[in-house]
Each structure stands twice: as C-alpha cells, then as structure tokens.
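# Provide a 3D model corresponding to the input given below.
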Amino acid sequence: MLIGVAGAVGAAAVVSRRRASTSETVPYQDQAALFAAPRLEPEIIPVVSADGAELHVRAYGSPDADPIVLSHGWTCSADFWNPQVNALAEKYRVITYDQRGHGRSGIGSTPLSPDVLADDLAAVVGATVRDGRKAEIVGHSMGGMSVVAWARKYPEQVDRYAHSVLLASTGTDSLVAETTVVPLPQRFPRLPVPVGRAVLGSAMPMPASRVTTRAIKYIAMAPGSTPAEVDFCGRIVSECHPRTRGGWGAALSTLDITDGLKNLRVPTTVMVGTADRLTPPSHARRLAQLLDDADNLERLIVLRDIGHMTSVEAVADFNAEVERLRRLN
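Predicted coordinates for the structure are as follows:
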C-alpha cells in the first residue's frame, strides 16, 4: 500500500516510519511532559469572527518571530497543540485558537458550515499575522478542513498571509463514505450517509471514564498508541460539549470543499497515519494528487502505524515537518 501511495504523486512523496516501542523506552511521566501546559505565558488576543462570535486565541513566543498558526480538529481545543507549543514557541510565534464552540470560543448564531470555519480562520489570521509577515498554516482533521475552506472562500488571503501549509489527518469530501471506524461486511463497502450523519451528529454525553477513553483510542488512535498519548487525547475530547460535537459532526458529514485545494498556491504537505480510521489514507492520496497536479504539493508523508492524532502520536515527525516547512525560502 505504501508503494502505491508514494507512486501516486511521484518524487514528492515521503514515507516516514514510526518510532519503535515508545511505551517501552520512554517512561510515562516523560511522555506526559510532552503534553503538559506550555511553560510560556500566552498573549490572549481578542478576535471576533464575521458573525460576531468571539474566538479564544493564544499567541506564544516573540511577536517578532516567524508565525505559525495551528488549527485543531473536531472535539479538541487549543490545548491539543501543547506538544507543538512546548517544542516551537521559543523559536517561533505560535498562534493557537479554539475552534467555534470548542474550548473557550463562543458558538455564535450562524449555522455551522465550512464557510464558518473559513470565516473564523480568516479572522484569526487577520488579527495575528501582522506587519507584512506570512505564516505557516497547520491544520489537523477539521482544522485542515478549515484551511481548505479558508482557501476556497478567501483565496486572496492565501496569497497575502500564507507562507506554507500542513494538512494533517484530514479530508475534503466523502468523510462518511470512506471512514473505517465502523467495520462493514464486504457486500456493504460504504457506510450509508444518513447513518453516518446520525452518528457524527449525536449529542450523547461522553463523560471522562475508562469506557470513553477506550472508545476514543479505538476511533481516533492506533492500537500501539501509548497510555500518555491516550490519556492526553481522552481528556481533551471528553471536555468537548456534546452539542458542539454533534453540531459540527452533522455539518461535516456532507462536506465537499475539494475545489478549495486549487487555491493553496504555497508549498503544502499532506500527512496521514496508516492506522487512521477517521480520515484514512485514501483522503491523503486524493489531496496529494490534486495538489501535485497544481504543482503545490511539497510532500506526502505517510506515518506507519499512526492513527488519526498524528501531532500527538508522532510528535517528533510532526514537529520536524512543521519546522522544515517554516524554514523554506
């Protein structure tokens, strides 16, 4: 399968291997330190989106440093980026925000949609990327969809504000049809969209518990993910309000923003884990091919034995690519 992925986009593709036996070589407390609250105090920047929704935005590091904007995924929060802030904020201006309805950001009054994701990212970038600078824009899962939706709606902002882009564990269409979370018999190769929409749109509470943690690990992480990785993701996901989870889940279930990729006219890396059930490698292959066709693909990185939470399960690989992109001329 990896040869097929690499061949799909020629020399631009890179296959990266997972570190071996992390849980056996790194003590839990040392792994947990990767995910601890950032040591640096953030600047809290008030940002108001197009419809008046208030967004919680944090900026770490020197205002004079090169900016990196991080956009998190469905059911997470700005805390999801702790491993990146801890590693990068002493060298770069690292900007994180809570997606609408997540963390400390308001839900607003506008029906949830890809255009809302675009408006919110536009507001964040416009308020934080200043003085003629350009930022690396990093999106994970729904955060990657935010980046593509932003490029689709605001192509002029891509030209003005974007230095490079990293799309991790994301897709632009067919999210229900291609998920492998629900195992299906061979005669039913695709999950019916109405069923998937109902599942994604569920507002059932997910209080922190062993059952919830096991469910999160199965759905969003690889079987080999470590206890520290699972605990970190479990805590963040269980903090998401059920109405936010259900509202955004329903909004994303019929997503199709593929045409936004043509506006990402900057070096763009696509990253995916082979064990990703939510946005499996079929999405990454399609994104990479479309970007390559437009001569904007920087790399396709396939992380072997990594699940959906690439920035948590493969911190070193993820951070290395963020830095490599940021250093491009």
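# the stretch 201-329 of the chain: helices as residue ranges?
Assigned by DSSP state H, counting those that start in this stretch, the helices in the stretch 201-329 of the chain fall at 210-220, 227-238, 242-252, 281-293, 310-313, 315-326.
# looking at these, spot the one closest to H102.
Comparing those against H102 with CB to CB, the closest turns out to be helix 242-252 (5.9 Å). C-beta coordinates here come from the backbone N, C-alpha and C atoms, glycine included.
# same for the closest one, what does it pack against?
helix 142-153, helix 193-200 (3 or more CB pairs under 8 Å, 6 or more residues apart in numbering; DSSP states H and E).
# what about G307, neighbour count?
Using other CB atoms under 10 Å, G307 has 27 other residues around it.
# from memory it sits against G273, does it?
Yes: contact criterion CB atoms under 8 Å: G307 and G273 qualify, at 5.3 Å.
# now list whatever residues contact both of these two.
With contacts taken as CB atoms under 8 Å, 6 or more residues apart in numbering, the residues that reach both G307 and G273 are 222, 313.
# could you pull up the residues touching the closest residue to P227 other than its chain neighbours?
The shortest distance from P227 to any residue other than its chain neighbours is 6.0 Å, reached at Y28 (CB to CB, 6 or more residues apart in numbering). Residues counted as contacts of Y28 (CB under 8 Å, 6+ apart) are 226-228.
# next: A50.
Residues near A50 by CB under 8 Å, 6+ apart: 119, 122-123.
# ok, now how distant is it from G101?
Using CB to CB, to the nearest Å, we find A50 at a distance of 15 Å from G101.
# repeat that for S209.
Distance, S209 to G101, by CB to CB: 23 Å.
# who has more neighbours, those two?
Counted by other CB under 10 Å, S209 and G101 do not tie: G101 has more neighbours, with 19 against 11.
# correct me, but that one touches G249?
No: G101 is not in contact with G249 according to CB under 8 Å; the separation is 11.4 Å.
# so which helix or strand takes in V125?
helix 114-128 (DSSP states H and E).
# now P83
helix 82-88.
# now do the contacts for the residue sitting nearest the centre point of the chain.
Centroid-nearest residue in the chain: H140, 0.7 Å away (criterion: CA atoms, centre = their mean). Residues counted as contacts of H140 (CB under 8 Å, 6+ apart) are 70-73, 76, 80, 168-170, 310-311.
# will you turn the residues you listed into JSON lines that also has distance to G144?
Below are these laid out as JSON lines (distance: CB to CB, whole Å):
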{"residue": "L70", "distance to G144": "11"}
{"residue": "S71", "distance to G144": "7"}
{"residue": "H72", "distance to G144": "10"}
{"residue": "G73", "distance to G144": "8"}
{"residue": "C76", "distance to G144": "12"}
{"residue": "F80", "distance to G144": "13"}
{"residue": "A168", "distance to G144": "6"}
{"residue": "S169", "distance to G144": "7"}
{"residue": "T170", "distance to G144": "3"}
{"residue": "T310", "distance to G144": "10"}
{"residue": "S311", "distance to G144": "11"}
